[in-house]
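**Q** from the sequence below, what's the structure:
(one chain, ligands or ions: 2)
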Amino acid sequence: METLSDYERCVVLRFLKSPPNQNKTSEEILHHLQNIVDFGKHVMKQFFGENYVHHGEIIQLPLDFVRQLCLKIQPERPESRCDKDMDTLSGYAMCLPNLTRLQTYRFVEHRPILCIEIKPKCGFIPFSSHVSQEIKHKVCRYCMHQHLKVANGKWKRPSKYCPLDLFSGNKQRMHFALKSLLQEAQNNLKIFKNGELIYGCRDDQDCVSDWNELARHLKPFFFPSNGLVSGPHCTRTIVKELIHVITMTLLSSTDACRAGDMKTVPISQGRSYCEASAFNKELVRNGKHKLESSGLPRGCLLYKTLQAQMLDMLDIEGLYPLYSRVEQYLEEFPEERSTLQIDGPYNEAFYEKLLDLSTEDDGTVAFALTKVQQYRIAMTAKDCSIMIALSPCLQDECSEQRPVVLTSKSRFTFSVSVLDLDLKPYESIPHQYKLDGKIVNYYLKNVQAKDDAVMSSLFKENEDCTLVLHKV
Ligand SMILES: O=P(O)(O)O[C@@H]1[C@@H](OP(=O)(O)O)[C@H](OP(=O)(O)O)[C@H](O)[C@H](OP(=O)(O)O)[C@H]1OP(=O)(O)O
Ligand SMILES: Nc1ncnc2c1ncn2[C@@H]1O[C@H](COP(=O)(O)OP(=O)(O)OP(=O)(O)O)[C@@H](O)[C@H]1O
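**A** Residues are numbered from 1 along each chain as shown. Ligands and ions are numbered 1, 2, ... in the order given. Coordinates of the predicted model:
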């Protein structure tokens, strides 16, 4: 999708993108966009809550306008995204609220707005018995994937961020996770001021983490009366305040939803921390072995995201054979594809079928299909982003209906939203299966093997100087 925001009118336009020469008809484009809107409206709103999801609407624009827009934005597009072309032939686009602005207001606001976008990724460790490698029960996918990404050149340095810390609900762990995101934003953190990116990567290249520059932008928000002198202490204080505000808004409950009480899996079933997390390692180094996981408040967006992610109950290793079962069935009965609602329509009936959480395989295609569709929802929730918009307000301005977060010298009204909720395609499952194998094998071969070597040499050193006392 190509996303453009119109700051004054406060809307964002999303256009379909596709590989060059894959010419889609206008009807196909319209159908695809309608599916995206329906999926947000009938499915994701149920999982995440009415206020957190903005499904948008389809609009038709004059072709001349679209072509000019395309020419204007082309030089701005990162090279890595140019493998696909924006659709300029149909005139159809999705119109969404600009989530870098406050969603509690229905009109354009002209007060300053700060917006933090976080792509938290998968916040749990697989608990499925189908997992074949023990390491997957100990180290989370994000932390393992970091090593492969650095080796492949996607990022220059690994990040210390671990999603399990962010999703832990424990403030100390969440602070550590957010600080790590601020150190290495990669594609997991962006900060906008009045709709403009002021921190984070524009594309996949190396990002600069200039905290002084960030603090300069943030100072009027957090210390409006200018009472804070500049310098490293000031920067640290402002970053701390920012982390505090993000934590509080992430833990706030500003919505309820239909699937709210649907508990996919008791969180206690899986491990609540990741052995590779730098926070965890530090604790172990300090002789503490108990990692706190306070749990997330049920109404907060992180909780909803985690519950949706946990629809992946079987792990890709347990899911892949079920996908193959559906595939085999479709090879025999290709005309059934639409009855099975593989590519939509994403309506009430589609949503209802997702609520069957049984993991007892009765050998049917129906069972396999339900698990495949739940897995696609989970994949979507593992790749979505959270937007937090903050706007300073004075004490007498803040009405009781608007959520407020306080810092030491200021107060903000805020809104929390989720974006990029396009359902992951059915066809991507084989890719997921292969990628999972690559991530785990790379980690076992290149990281764990080295860790084991270090541990065993440590063990050897310890052994050499151990005094064995015999009874006399
Ligand atoms: O598989 P992952 O975890 O690497 O996730 C992909 C993302 O990479 P990330 O790890 O977040 O840097 C990847 O992010 P980037 O485009 O690299 O910023 C995409 O979001 C991709 O989704 P899609 O295939 O374009 O629909 C994501 O692919 P899906 O797995 O969600 O399909
Ligand atoms: N409604 C919105 N309001 C403000 N910003 C938005 C909105 N939707 C998207 N964006 C911004 O545009 C970025 C890209 O949007 P999105 O992730 O939805 O595109 P995409 O379709 O996944 O793109 P790609 O296919 O290139 O990955 C987001 O990370 C966010 O910064």
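**Q** helices or strands next to the longest helix seen in the chain in the packing?
**A** With DSSP state H applied, the helix covering the greatest number of residues in the chain is identified as helix 232-251. Under the contact criterion of 3 or more CB pairs under 8 Å, 6 or more residues apart in numbering; DSSP states H and E, helix 232-251 touches strand 114-118, helix 171-183, helix 211-222, helix 301-309, strand 385-392, strand 404-406, strand 411-419. Bear in mind the C-beta positions are built from the backbone N, C-alpha and C, glycine included.
**Q** quick one, which of these is nearest to ligand 1?
**A** strand 385-392 (9.3 Å; CB to the nearest ligand atom).
**Q** please enumerate the strands of this protein.
**A** Counting by DSSP state E, residue ranges of the strands within the chain are 2-6, 11-15, 17-18, 57-60, 85-86, 92-97, 114-118, 189-193, 196-199, 385-392, 404-406, 411-419.
**Q** quick one on the thing from earlier: now render the helices and strands packed on helix 232-251 as CSV, adding mean pLDDT and mean neighbour count.
**A** Output for the helices and strands packed on helix 232-251, formatted as CSV (pLDDT from 0 to 100; neighbours: other CB atoms under 10 Å):
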stretch, mean pLDDT, mean neighbour count
strand 114-118, 97, 24
helix 171-183, 97, 21
helix 211-222, 92, 18
helix 301-309, 96, 25
strand 385-392, 95, 23
strand 404-406, 91, 16
strand 411-419, 93, 23
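**Q** can you tell me what sits against stretch 154-164?
**A** Here stretch 154-164 makes contact (CB atoms under 8 Å, 6 or more residues apart in numbering) with 120-125, 140, 142-143, 146-147, 149-150, 176-177, 180-181, 183-184, 186, 188, 204, 206, 272-274, 276-280.
**Q** ligand 2 contacts on the stretch 351-472 of the chain?
**A** With CB under 6 Å from any ligand atom as the criterion, the stretch 351-472 of the chain meets ligand 2 at residues 385, 419-420.
**Q** of these, closest to Ser324?
**A** Nearest to Ser324 among these, counting by CB to CB, is Asp420 at 28.2 Å.
**Q** test my guess that the closest one contacts Cys384.
**A** Yes. With contact defined as CB atoms under 8 Å, Asp420 counts as touching Cys384 (5.1 Å).
**Q** on that earlier part again, right, so of the helices and strands packed on helix 232-251, which gets closest to Lys24?
**A** strand 411-419 (23.5 Å).
**Q** just want the angle from that closest one to strand 385-392.
**A** For strand 411-419 against strand 385-392, the angle by axes from the mean of the first three to the mean of the last three CA atoms, to 10 degrees is 160 degrees.
**Q** could I get the buried residue list for the longest helix of the chain?
**A** Within helix 232-251, the residues that qualify as buried are 234-235, 237-239, 241-251, counting by 16 or more other CB atoms under 10 Å.
**Q** can you check stretch 320-336 too?
**A** In stretch 320-336, counting by 16+ other CB under 10 Å, buried: 320, 322-323, 325-326, 329-330.
**Q** and it, how far out from the chain's middle?
**A** 30 Å (CA atoms, centre = their mean, to the nearest Å).
**Q** quick one on the thing from earlier: adding distance to Asp362, write the strands of the chain out as TSV.
**A** Shown next, in TSV, are the strands of the chain (distance: least, CB to CB, whole Å):
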stretch	distance to Asp362
strand 2-6	43
strand 11-15	40
strand 17-18	38
strand 57-60	39
strand 85-86	45
strand 92-97	39
strand 114-118	39
strand 189-193	44
strand 196-199	50
strand 385-392	37
strand 404-406	48
strand 411-419	34
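**Q** just put these in TSV and tack on distance to ligand 1.
**A** Compiled in TSV, the strands of the chain are given as follows (distance: least, CB to the nearest ligand atom, whole Å):
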stretch	distance to ligand 1
strand 2-6	13
strand 11-15	14
strand 17-18	10
strand 57-60	20
strand 85-86	15
strand 92-97	16
strand 114-118	12
strand 189-193	11
strand 196-199	15
strand 385-392	9
strand 404-406	27
strand 411-419	12
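**Q** which one of these lies closest to Ala349?
**A** Comparing those against Ala349 with CB to CB, the closest turns out to be strand 57-60 (21.7 Å).
**Q** hmm, that closest one in reach of ligand 2?
**A** No. Counting by CB under 6 Å from any ligand atom, ligand 2 has no neighbours in strand 57-60; the shortest distance is 12.2 Å.
**Q** report all helices and strands that that strand contacts.
**A** Strand 57-60 sits against helix 26-38, strand 92-97, with contacts defined as 3+ CB pairs under 8 Å, 6+ apart.
**Q** circling back: of the contacts of stretch 154-164, list those near ligand 2.
**A** Checked against ligand 2 using CB under 6 Å from any ligand atom, these give no members in range.
**Q** which of Asp420 and Cys384 has more neighbours?
**A** Neighbours per residue (other CB atoms under 10 Å) separate Asp420 from Cys384, with Cys384 holding more: 22 against 14.
**Q** residue contacts, that one?
**A** Here Cys384 is in contact with 119, 305, 418-421 (CB under 8 Å, 6+ apart).
**Q** and if we set it to 6 Å?
**A** Taking CB atoms under 6 Å, 6 or more residues apart in numbering, we find Cys384 in contact with 418, 420-421.
**Q** likewise Tyr142?
**A** Shown in contact with Tyr142 (CB under 6 Å, 6+ apart): 121, 163.
**Q** go again using 10 Å as the cut-off
**A** 120-123, 149, 159, 161-164, 166, 188, 274, 276-277, 382, 439 (CB atoms under 10 Å, 6 or more residues apart in numbering).
**Q** among these, which are in helices?
**A** 149, 163-164, 166, 382, 439.
**Q** and the residue lying closest to Asp85 once chain neighbours are set aside, how many neighbours?
**A** Once flanking residues are discounted, Asp85 sits nearest to Pro20: 5.3 Å by CB to CB, 6 or more residues apart in numbering. For Pro20, the count of nearby residues is 9 (other CB under 10 Å).
**Q** isn't Pro20 right next to Asp87, touching?
**A** No. Shown here, Pro20 and Asp87 do not form a contact pair, counting by CB atoms under 10 Å, at 11.6 Å.
**Q** on that earlier part again, of all the residues of the stretch 351-472 of the chain next to ligand 2, which comes closest to Cys82?
**A** Closest to Cys82 out of those is Asp420 (19.1 Å), distances taken as CB to CB.
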